[in-house]
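A.B. asks: take a look and give me a structure for this.
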Amino acid sequence: MMIGVLVLVGVVLVLAVLLVLRRRGQQRRPSGAGADEVAGGRADEEAFLQRTRAHERWPVVTQIEFEVEALPEDLEFFPDGISPWVHLEDPEPEIARMRHPDEIVIRSDKVVVIIDYPLERAVLIDLASSDPRGFSRAEVARSIGREYRRIYVEEEATATQKTLPMEQRGGVINRNRTDGKYGIWAHDLEDLDLVSIEVHQAPEGTLHLALNVDS
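C.D. replies: Residues are numbered from 1 along each chain as shown. The predicted model follows:
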């Protein structure tokens, strides 16, 4: 009789433990489509981060710099008369004063540009040159400026928290962080200057452009 009671108690305890473990498993692990979405989202995000940083492991095949004749009012900052950057909001005035704008600086008519500043979510963008020989110094600056303008427009269109006008920033010059497609922070487009470009070559031969953007 005693043995039967002990066996019964043991069985009850085992069933109770199994029930608790099952409930914990259900609480910790999403089920159905939701679980696939969570797992897939994390995997996709990690893979994308690896892609946007992959160029750091690849060799630099060339570096592109800009020499722009400084305006008279800027000569105190550039005593040699040369400014080293191009404004991304509107590169045309600098291109008009740029040295060697038509020089082919990238010997490929297709590249991937990495835009990650000032973005929380970096983007990889395919660019195609209108010249089969490759990109000139002017064309690459113009193309990058165009993509930055598009990104800022899309950010504002998809953001719930919009960009505050300067008069509403409480004396702070920097742009507020917005929560749109790219998560832009700290700087308005008018603050950004393209200083130089590092051209990295991927193992399969694709050229990736890493931008040195100042603000």
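
A.B. asks: now the helices for the chain?
C.D. replies: Ranges of helices within the chain are 2-28, 32-53, 92-96, 137-158, based on DSSP state H.

A.B. asks: low-confidence ranges, this protein, go.
C.D. replies: Counting by pLDDT under 70, the chain shows low-confidence ranges at 1-49.

A.B. asks: in it, which residue is closest to the centre?
C.D. replies: A centroid search over the chain (CA atoms, centre = their mean) returns Ala122, at 1.5 Å, as the residue closest to the centre.

A.B. asks: quick check: that one touching Arg51?
C.D. replies: No. Ala122 is beyond contact range of Arg51, at 9.1 Å (criterion: CB atoms under 8 Å). For every residue, glycine as well, the C-beta is placed using N, CA and C.

A.B. asks: roughly how far apart are the closest residue to the residue nearest to the centre of the chain other than its chain neighbours and His208?
C.D. replies: Excluding the flanking residues, the one nearest Ala122 by CB to CB, 6 or more residues apart in numbering is Asp116, at 3.6 Å. In this view, Asp116 and His208 are 12 Å apart by CB to CB, to the nearest Å.

A.B. asks: when those two are compared, which one has more neighbours?
C.D. replies: His208 (20 against 16; other CB atoms under 10 Å).

A.B. asks: OK, contacts around that one?
C.D. replies: By CB atoms under 8 Å, 6 or more residues apart in numbering, His208 lies in contact with Ala54, His55, Trp58, Val111, Val112, Val113, Ile114, Leu124, Val199, His200, Gln201, Ala202.

A.B. asks: could you rerun that using 10 Å?
C.D. replies: 51-52, 54-56, 58, 111-114, 124, 198-202 (CB atoms under 10 Å, 6 or more residues apart in numbering).

A.B. asks: tell me which of those residues fall in strands.
C.D. replies: Val111, Val112, Val113, Ile114, Leu124, Glu198, Val199, His200, Gln201 (DSSP state E).

A.B. asks: of the residues you listed, which is the most crowded?
C.D. replies: Highest neighbour count within the ones in strands among the contacts of His208: Val199, with 23 neighbours (other CB under 10 Å).

A.B. asks: quickly list what that residue is bridged to.
C.D. replies: Beta-bridge partners recorded for Val199 (DSSP bridges): Thr62, Leu209.

A.B. asks: do Asp193 as well
C.D. replies: When bridges are taken as DSSP bridges, the partners of Asp193 come out as His87, Asp214.

A.B. asks: how much space between it and Glu103?
C.D. replies: From Asp193 to Glu103 the distance is 20 Å (CB to CB).

A.B. asks: ok, now Pro132?
C.D. replies: 16 Å.

A.B. asks: can you check His187 too?
C.D. replies: Using CB to CB, we find His187 at a distance of 29 Å from Glu103.

A.B. asks: also Pro72?
C.D. replies: 26 Å.

A.B. asks: circling back: Pro132 and Glu103: which has the busier surroundings?
C.D. replies: Set side by side, Pro132 and Glu103 show more neighbours around Glu103, with 12 against 7, by other CB under 10 Å.

A.B. asks: pull the contacting residues for that one.
C.D. replies: Contacts of Glu103 by CB under 10 Å, 6+ apart are Ile64, Phe135, Ser136, Arg137, Ala138.
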